[in-house]
Structures are given as structure tokens and as C-alpha cells.
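J.: Need a 3D model of the following:
(one chain, ligands or ions: 1)
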Amino acid sequence: MKSIITRFAPSPTGELHIGSARTALFAYLAARSTGGKFFLRIEDTDRTRYVEGSDQRLIEAMNWLNLIPDNKGEIVFQSKRLEMYKKFALELVEKGQAYICVCSKEKLDADRAEMEKAGVPPRYAGHCREARINIDDVKEGEYVVRLKMPKTGKIVVHDIVRGDIEFDLSLLDDQVLLKSDGFPTYHLASVVDDHEMGINSVLRAEEWLSSTPKHIILYQAFGWELPQFGHFSMILAPDRSKLSKRHGATSVEQFRSEGYLPEALINFVALLGWNPKTDREIFSLAELEQEFKIENLNKAPAIFDIQKLNSINTHYITELVRNQKSEVRSQIKNILKDISDDELDLIGRGGFSTLKGAADYILELRKEPDYPATMLVFKRSEKKSTLLALRAVADKFESEEEWSTFNVQKALEYVVIENSLTNGDVFWPVRVALSGAEKSPSPVELAVALGKDESLKRVKKAISKLN
Ligand code: GLU
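T.: Numbering: from 1, shown residues only. A predicted model of the protein is given here:
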């Protein structure tokens, strides 16, 4: 496999969508797995769709995901290269591969309306195609440059993900390359930059497939070597509709603020359309760089499954807390400032699917629990032994000098043995006393997270509830 030199080319029209993050990841992995290069290019020539600051937020989201491009520090912004695109557009005019068009908007609209009425697909009527208008005879702002597309024939796109796809050239319009405001269109800027940046593999989302024949014609018009093309399949919601806001979070920033870890998002989106050919589900970015193969991308759309993301996120939360990674600490501190180390440990054991959910749990846990007294009695126990257990636990807690997982565990075990009780007689009511819930982390973990004073207070409260 040759070294893939590719790019991710987002338009700054909003936050980084999860689908675009996957495009970025696949392009990144294609490059890294073949010893190639991965570049970032901001396609900001459509000023009407520009969203203030979104270019910086896209870069920030990429950094957060750890998808660091090789041109970090020299990211390409198309709006800074306008002169170059214009030069190339006029070069094509010079070569007879493109032409100056001075048709007014009114005229184009009228042509369009007529074609629609006649039931033919609307396209440029071709008034200026053979007119050979000279650039020196037109005023700035009063012309566009159009590509002279072949009128007949077929073109085959050899797509490395999807196979060969044939397009009928007679259906393709004479594309505008340079707009009247002097800005390039997407087609021109994209092809010029891909050539200038030495891109040998154009990898992008499926929605750009229909632009590819136009791009191929453009490459040919310039006389440039063609890159290879690959288009990634779409991501759909579980109901097979387009993934949109009504399905929940869609941008990387939203997932971040809900408490998903970058490792989890990367791992999850990698599996949306890439088949690792094993049952294994957990991959770090470094492992993906080793394992990824472009041949193992699926042509069929991928289905977004939030449960899968949650379970992967649970895995990373647990793993990272266990390894005491500072990253997860600082992330949860963004959500819950005064989290203690013991509370953090509880999160690492609690099977939480998001950090936000975990933070909410901690906040809830800090509140005095409210529950019916009957919940304190385990189903195979009775009130008398429950009271006995809680009183003995209160004594043990009171005299405990060093509040640790080991000591709390020992204290509860001693209460079982010393009073000839069962585990259920003791662990159950303590857990309910501490959490107020039938399902929760273990009483030991809860007690450590709550601290000695609060745990003792709750056990005493349980005793008075039962009395
Ligand atoms: N600017 C396009 C986008 O927002 C890039 C398409 C391409 O990669 O050529 O997706």
C-alpha cells in the first residue's frame, strides 16, 4: 500500500459534527496506517455560510480528539489564498478549458424557469460558452469563470471504498469556478488545493461523490495527475433517517460537555463503518493507527447506536479513573468543581456512561437520602437483625480511626461474623442507609466517597427510622 497523503477539509459553518469527526478520523488513520501525511484545511470561501469563530472551534475539537494534523501551526485557510485560485481559473480560460461568462442573474433565472417549464433539468444555457470573451474586456465583479465540461460521454470514478461508479457527462453543467466576487467555488478551491498540497488520496464523505466527476474534469483540464478518491458511507440514526438534533447530541462539543471522553468518541466512531474483522471493540487511537485498513470500510451506511457509545464511554471512564489519569480528573472538574478524590474513585467503579451522569450522581449522593424504612430490610432478612446490624455498624464506624476502603470493608465483615448475621443482613441496609436506593454502588464504596461523618450520620438516621 502506498503512503496516503490526505486531508480533512471542513467548512467553518458550525460545530464539528460527529459524522465529520469520523471523516477526519478515517482520513487520519488512512495516513497514519500507511506512513503518509494528514493535513487540515479550512474551506472558508463561502462567506455567506461562515459562522464566526467556528474555524477555531473546529481546530480545538480536533485537538481535543487528539487528531493532530501534520501541518499543525500552518493550517491552510482558503480565504487567504484567493489570488492563487483566480490565477488558476484564468489560466484555464487562457487554455480554452474554461470561459468568461457575463450572463446576468435575471437572464439565468429566466432560462432556468423556461427549462423547468419544459420539464428539462435546469442548467446553464451556454450563451457565453463559445463567445470567447476576453478578460480585458470585462469589469471586476461583472463576470464569472465557468468550466467547459464535455457535453457527451461517460466518466468512471474509481472509488477505493465504493468501487467503480459511472457518471453521464451529458447531465453535468458548466460549473462556475470563480464567482463574481472573485471568490473561488468549492470545486475550484478544492482541486487547486489538493494539487498544491500534494494530496494523493481525496478521502471524504459520500455526499461529495457527485462532485467528483467535475473534479476529475478539472484535473484533466489543468493537466494534473489525478489523486485516488474514496467516499465514506453515511451515518444514520437508528430509524435510518439522517442523524440530526432530534436524536440528541450531534456535535463533538456537545458530546464533550455531556461528559464523553475523547478516547471513547474516537473508539466509537472508528467502529461506525470500519470493520476490525474481530470481535474486539476497544481500540485506542494508537492501536487504530496500527490496525486500520481502508479496504475494511463498509459501503453500507453505519447506524449510530448511543448504547454502544455509552458502554464504550463507561469502559474509558472506569479505565482512566483507575489509572488515575489527570485528564479525566480535569474533565470532571469542569462539570463538578469540588469533586473529591474519593468521589472520583466511586465514579471509577460505578459503571457510569457519561461524566455528566456521574457528576449528577455525586450531587444526588451528597443530598440526604429519602427512602421508606421498609427498604432497609433485606428480602431474606427481618427488622430485628437489620437493627442489630445497623447499630453494630454505627459502633464500628464511630471508632474507626482510619477511613479507608480496606477498613470499612473489614468493619462490615466483622459485624457479620461477630453477630452471626448474613452478608445480606448487613451490607444491604448499610447500602440503603447511605444511598437511599435499592440499586447503587457497594456500601463500602459509598461510605468511602461520603466520608466518615456523613456515613455515620446516615446509618444513625436509618436506625431511628426503623425504631
Ligand atoms: N468543505 C467540504 C466539507 O465541508 C469538504 C469536502 C471535501 O473534502 O472535498 O465537507
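
J.: Could you report the neighbour count for the residue of the stretch 51-200 of the chain found nearest the ligand?
T.: Closest residue of the stretch 51-200 of the chain to the ligand, C-beta to the nearest ligand atom: Ser190 (4.8 Å). Just so you know, the C-beta spots here come from the backbone N, C-alpha and C atoms, and that holds for glycine as well. Applying other C-beta atoms under 10 Å, we find 25 residues neighbouring Ser190.

J.: Please look at it and Thr45 and confirm they touch.
T.: No. With contact defined as C-beta atoms under 8 Å, Ser190 does not count as touching Thr45 (9.7 Å).

J.: before we move on, the earlier item: report the contact partners of the residue of the stretch 51-200 of the chain closest to the ligand.
T.: When contacts are counted by C-beta atoms under 8 Å, 6 or more residues apart in numbering, Ser190 is found next to Ala9, Glu43, Ser211, His215.

J.: Spell out which parts of the stretch 201-350 of the chain neighbour the ligand.
T.: Residues of the stretch 201-350 of the chain found near the ligand (C-beta under 6 Å from any ligand atom) are Arg204, Trp208.

J.: Please, where are all the strands along the stretch 201-350 of the chain?
T.: Ranges of strands in the stretch 201-350 of the chain, per DSSP state E, counting those that start in this stretch, are 201-205, 228-232, 235-236, 302-303.

J.: Dump those to CSV, plus mean neighbour count and mean pLDDT.
T.: Output for the strands of the stretch 201-350 of the chain, formatted as CSV (neighbours: other C-beta atoms under 10 Å; pLDDT from 0 to 100):
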stretch, mean neighbour count, mean pLDDT
strand 201-205, 22, 98
strand 228-232, 22, 98
strand 235-236, 20, 94
strand 302-303, 18, 96
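
J.: and the residue of the stretch 151-300 of the chain at minimum distance from the ligand, bridged to which residues?
T.: Nearest to the ligand in the stretch 151-300 of the chain, going by C-beta to the nearest ligand atom, is Arg204, at a distance of 3.5 Å. Arg204 has these beta-bridge partners by DSSP bridges: His231.

J.: Filter the contacts of Ser190 down to the ones in helices?
T.: Counting by DSSP state H, the part of the contacts of Ser190 found in helices is His215.

J.: Just put the contacts of Ser190 in CSV and tack on pLDDT.
T.: Formatted as CSV, the contacts of Ser190 follow (pLDDT from 0 to 100):
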residue, pLDDT
Ala9, 98
Glu43, 97
Ser211, 97
His215, 98
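
J.: Show me which pair in the contacts of Ser190 is furthest apart.
T.: Glu43 and His215 (13.7 Å; C-beta to C-beta).

J.: Tell me which of those two has more neighbours.
T.: Ranked by neighbour count (other C-beta under 10 Å), Glu43 and His215 place His215 first, with 22 against 19.

J.: Now for that one: which residues touch it?
T.: Taking C-beta under 8 Å, 6+ apart as the criterion, His215 is in contact with His187, Ser190, Val191, Val202.

J.: Please enumerate the helices of the stretch 51-200 of the chain.
T.: Assigned by DSSP state H, counting those that start in this stretch, the stretch 51-200 of the chain shows helices spanning 54-64, 82-94, 105-118, 186-196.

J.: Would you mind giving these as CSV with mean pLDDT added?
T.: Listed next are those as CSV, based on pLDDT from 0 to 100:
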stretch, mean pLDDT
helix 54-64, 97
helix 82-94, 97
helix 105-118, 94
helix 186-196, 98
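
J.: what stretches of this structure score poorly on pLDDT?
T.: Applying pLDDT under 70 to the chain picks out residues 1.
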